[in-house]
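A.B. asks: Any chance you could fold what I've pasted below:
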Amino acid sequence: MTIPQLLLCLSLSMLCISSKPTEKKDRVHHDPQLSDKVHDDAQNFDYDHDAFLGADEAKTFDQLTPEESKERLGKIVSKIDEDKDGFVTVEELKDWIKFAQKRWIYEDVERQWKGHDLNEDGLISWEEYKNATYGYIL
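C.D. replies: Numbering: from 1, shown residues only. Sure, this is the predicted structure:
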């Protein structure tokens, strides 16, 4: 082996040794958080309210009197009890929470769509998207 080849091998070896390892990507799909509030039942139940009712509905409940809250929650529990046996199972509760979260997502998508469809034709062109998102003038 010649000196230039030896130097080249040493240089490549040093480069490999000193290079930063690639970052490991997380391949696990994580469910989104049910609320952006801290989950600490010892302090308050804001997280549970958001998860159970959805963020917008939880804000509405914060404005109600305790009597009105109980009445409305009773109506919601009737909706959660899918088999109408008078009890809410863990599965029924999970289904309700998923429903509440999906409802919020769909409402948010609808709100975003209306904000981007500037000419209200039911379609969003690239020009409308740029204008609504980045403030370009059409």
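
A.B. asks: Do I have it right that Leu64 meets Ala58?
C.D. replies: No: under the criterion of Cβ atoms under 8 Å, Leu64 makes no contact with Ala58, lying 10.9 Å away. All C-beta spots, glycine's among them, are computed from the backbone N, C-alpha and C.

A.B. asks: out of those two, which sits in the more crowded spot?
C.D. replies: Neighbours per residue, other Cβ atoms under 10 Å: of Leu64 and Ala58, the larger number sits with Ala58, 20 against 13.

A.B. asks: Tell me the spacing between the more buried one and Ile97.
C.D. replies: As judged by Cβ to Cβ, to the nearest Å, Ala58 and Ile97 stand 12 Å apart.

A.B. asks: joint contacts of these two?
C.D. replies: Common contact partners of Ala58 and Ile97 (Cβ atoms under 8 Å, 6 or more residues apart in numbering): Phe52.

A.B. asks: Quick one: end-to-end distance for stretch 118-130.
C.D. replies: Between the opening and closing residues of stretch 118-130 there is a gap of 11 Å (Cα to Cα, to the nearest Å).

A.B. asks: what mean pLDDT does that stretch have?
C.D. replies: Averaged across stretch 118-130, the pLDDT comes to 89.

A.B. asks: all strands of this protein, in order?
C.D. replies: In order along the chain, the chain carries no strands (DSSP state E).

A.B. asks: got the contact list for stretch 95-104?
C.D. replies: By Cβ under 8 Å, 6+ apart, the residues outside stretch 95-104 that reach it are Pro32, Leu34, Ala51, Phe52, Leu53, Gly54, Ala55, Asp56, Glu57, Lys79, Ile80, Glu82.
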